[in-house]
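Undergrad: Predicted coordinates and the sequence they were generated for:
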Amino acid sequence: MDLKNYKSGSFTKESGYRSFHPEFLNREWVISQPELNSLLEEANIRLGELNAFSIILPDVETFLRMHLVKEATQSSRIEGTRTTIDEAVLEAKDIDIEKRDDWQEVQNYVNALKFCIQRLEQLPLSTRLMREAHKILMEGVRGKDKMPGEFRTSQNWIGGATLRDARFIPPHHSLVPDLMSDLEKFLNNTDIYVPTLIRIGMVHYQFEAIHPFLDGNGRIGRLLITLYLVNQRVLRKPTLYISDFIEKNRSVYYDKLISVSEKHEMQQWLKFFLVGIIETANQAIDTFNKILVIRETLETESLIKFGRRLSNAKALLLYLYKKPVVTVADVMTELRTSKQTANSLIQEFENHGILRERTGFSRNRVFVFEQYLSLFTR
């Protein structure tokens with residue numbers, strides 16, 4: 001079917017409200033709009049360029065940690081958390097008590113995505129995997145009592161205080177199992193041809209329209225994008241995360257999704273989605289290029305000055321790429337060294353302008369690798 005003839009579904013009258021009943025998605029879709037094809041081509045080119053860094057950087061896993069933390073922070077921020085990236089990389093003991101709930105939500109997102117990447121080696125991208133991710137996402141945070149790991153068995157809604165003033169009401173819960181089964185089939189159907197980015201763009205909309213969980217739908221829906229690109233080998237590593245783009249264009253994002261349901265405007269949503277992929281890939285490419293410059297500069301100009309401490313200095317720098325905000329205790333644990341040695345090494349990193357102490361305290365000090373952290377806070 002041509003996307004220009006796409007029908008999203010219909011609104012069904014329930015007891016005192018109208019819920020949206022999406023059409024099944026699992027079929028072949030044809031793109032005839034030139035502008036959409038052009039954006040699709042550009043997005044694929046940008047993803048190819050981004051993918052190259054998984055080859056260029058032999059230790060790419062070291063640098064993926066901060067990309068994941070940024071995604072977790074931004075995806076959780078869309079849902080109302082206020083944890084910053086520099087807080088997200090700290091340990092729980094270093095977070096103020098009143099901020100720990102938000103901090104834990106970010107950690108859960110990190111854990112859910114890491115878990116799913118590993119599980120994809122044994123499981124397809126399935127409703128089972130989504131439920132497992134959701135259970136991790138809801139553990140010990142807001143939503144822990146809202147059926148973690150299970151599809152909803154009651155009506156939910158988006159916007160408004162009640163069903164009566166809701167902006168959007170997803171399908172009745174009795175329809176969720178069949179709709180999610182269709183979604184899973186569409187994700188994995190190799191008998192039809194739908195371009196990868198078009199398929200996951202449509203899946204993201206459909207998932208949000210179904211809203212299968214009582215809480216955490218937005219985060220799972222965004223997580224699906226990265227998982228699908230990795231699962232389809234479009235990306236060798238999970239290097240692209242779109243939540244930052246969505247957070248910056250939040251009102252447009254919601255308007256585009258609503259317009260699909262109300263006006264069947266799937267092509268308009270896909271244009272927005274592909275622009276998000278392009279901009280996110282461009283930003284990730286720029287970040288990786290800057291990482292290469294930072295690493296080259298530090299290794300050729302700074303580390304060579306450490307003399308007999310070179311081995312420890314290299315180990316600390318590698319650690320800072322994964323965790324650019326550290327305490328003395330962190331360094332002691334990571335390098336398995338004494339407090340005196342850790343303090344001395346950190347002092348030398350300060351002298352070379354690599355680290356900066358940010359608290360101004362004489363105890364419980366926190367040190368920041370600002371040049372690197374700033375790449376993820378722009």
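TA: Received the coordinates, thanks. What you are looking at is a predicted structure, and each value in this text was computed from that prediction instead of being measured.
Undergrad: Give me the distance between the helix ranked longest in the chain and the centre of its chain.
TA: Ranked by residue count under DSSP state H, the longest helix found in the chain is helix 266-297. In terms of CA atoms, centre = their mean, to the nearest Å, the centre of helix 266-297 is found 13 Å from the chain centre.
Undergrad: That one: which residues count as buried?
TA: Burial within helix 266-297, assessed by neighbour count using 16 or more other CB atoms under 10 Å, is assigned to 266-267, 269-274, 276-281, 283-285, 287-288, 291, 294-295. In short, each C-beta sits where N, CA and C put it, glycine included.
Undergrad: Show me what that helix is packed up against.
TA: Helix 266-297 is packed against helix 34-51, helix 53-56, helix 60-78, helix 196-210, helix 243-248, helix 250-263, helix 370-373, with contacts defined by 3 or more CB pairs under 8 Å, 6 or more residues apart in numbering; DSSP states H and E.
Undergrad: any idea which of those helices scores lowest on pLDDT?
TA: In terms of average pLDDT, helix 53-56 trails the rest of the helices and strands packed on helix 266-297, at a mean of 84.
Undergrad: Going by neighbour count, which residues of it are buried?
TA: Under the neighbour-count criterion of 16+ other CB under 10 Å, helix 53-56 has 53-54 buried.
Undergrad: dump the residue contacts of I78.
TA: Counting by CB atoms under 8 Å, 6 or more residues apart in numbering, I78 makes contact with 218-219, 222, 243, 246-247, 250.
Undergrad: Show me the residue sitting in the middle of this structure in space.
TA: Closest to where the C-alpha atoms of the chain average out (CA atoms, centre = their mean) is E71, at 3.8 Å.
Undergrad: Can you tell me the closest non-neighbouring residue to that one?
TA: Of all residues not flanking E71 in the chain, Y241 sits nearest, at 3.4 Å (CB to CB, 6 or more residues apart in numbering).
Undergrad: would that neighbour count as being in a strand?
TA: No - if the criterion is DSSP: H, G, I helix; E, B strand; the rest coil, then Y241 is coil and not within a strand.
Undergrad: Can you give me the separation between the residue nearest to the centre of the chain and Q232?
TA: 18 Å (CB to CB, to the nearest Å).
Undergrad: domain parsing for the chain?
TA: 3-286, 304-376 (automatic domain parsing).
Undergrad: hey, which of those domains is tucked in deepest?
TA: Across the domains of the chain, the average number of neighbours (mean count of other CB atoms under 10 Å) peaks for domain 3-286, which reaches a mean of 18.
Undergrad: Ends of that one, what's the gap?
TA: End-to-end distance of domain 3-286: 33 Å, with CA to CA, to the nearest Å as the criterion.
Undergrad: which residues touch P195?
TA: 31, 40.
Undergrad: mind checking how far it is from L50?
TA: Using CB to CB, P195 is found at 17 Å from L50.
Undergrad: cool, and K146?
TA: In terms of CB to CB, K146 sits 35 Å off from L50.
Undergrad: can you check A43 too?
TA: For A43 relative to L50 (CB to CB), the value is 10 Å.
Undergrad: between these two, what contacts are shared?
TA: A281.
Undergrad: would CSV of the helices and strands packed on helix 266-297 with distance to S344 be doable?
TA: Shown next, in CSV, are the helices and strands packed on helix 266-297 (distance: least, CB to CB, whole Å):
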stretch, distance to S344
helix 34-51, 39
helix 53-56, 34
helix 60-78, 24
helix 196-210, 49
helix 243-248, 37
helix 250-263, 46
helix 370-373, 21
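Undergrad: Select, out of those, the one closest to H172.
TA: In terms of CB to CB, the element of the helices and strands packed on helix 266-297 nearest to H172 is helix 196-210, at 10.8 Å.
Undergrad: which residues touch the closest one?
TA: Contact with helix 196-210 is made by 3, 8-9, 20, 22, 25, 29, 31, 40, 43-44, 170-171, 176, 179-180, 183, 186-187, 194, 217-218, 220-222, 224-225, 228-229, 232, 234, 257, 260-261, 266, 269-270, 273-274, 277, as judged by CB under 8 Å, 6+ apart.
Undergrad: Following element in sequence after it, please.
TA: Scanning forward in sequence from helix 196-210 by DSSP states H and E, the next helix or strand is helix 217-231.
Undergrad: which other helices and strands contact that following helix?
TA: Contact partners of helix 217-231 among helices and strands, from 3+ CB pairs under 8 Å, 6+ apart: helix 60-78, helix 100-119, helix 127-137, helix 196-210.
Undergrad: Next, the angle helix 250-263 makes with the host helix or strand of S19.
TA: Per DSSP H and E, S19 falls inside strand 18-22. Angle, strand 18-22 to helix 250-263, by axes from the mean of the first three to the mean of the last three CA atoms, to 10 degrees: 80 degrees.
Undergrad: for strand 18-22, packing partners?
TA: Using 3+ CB pairs under 8 Å, 6+ apart: strand 18-22 touches strand 9-13, helix 196-210.
Undergrad: Can you redo these as a markdown table, where the extra columns are distance to E79?
TA: Output for the helices and strands packed on strand 18-22, formatted as a markdown table (distance: least, CB to CB, whole Å):
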| stretch | distance to E79 |
| --- | --- |
| strand 9-13 | 25 |
| helix 196-210 | 13 |
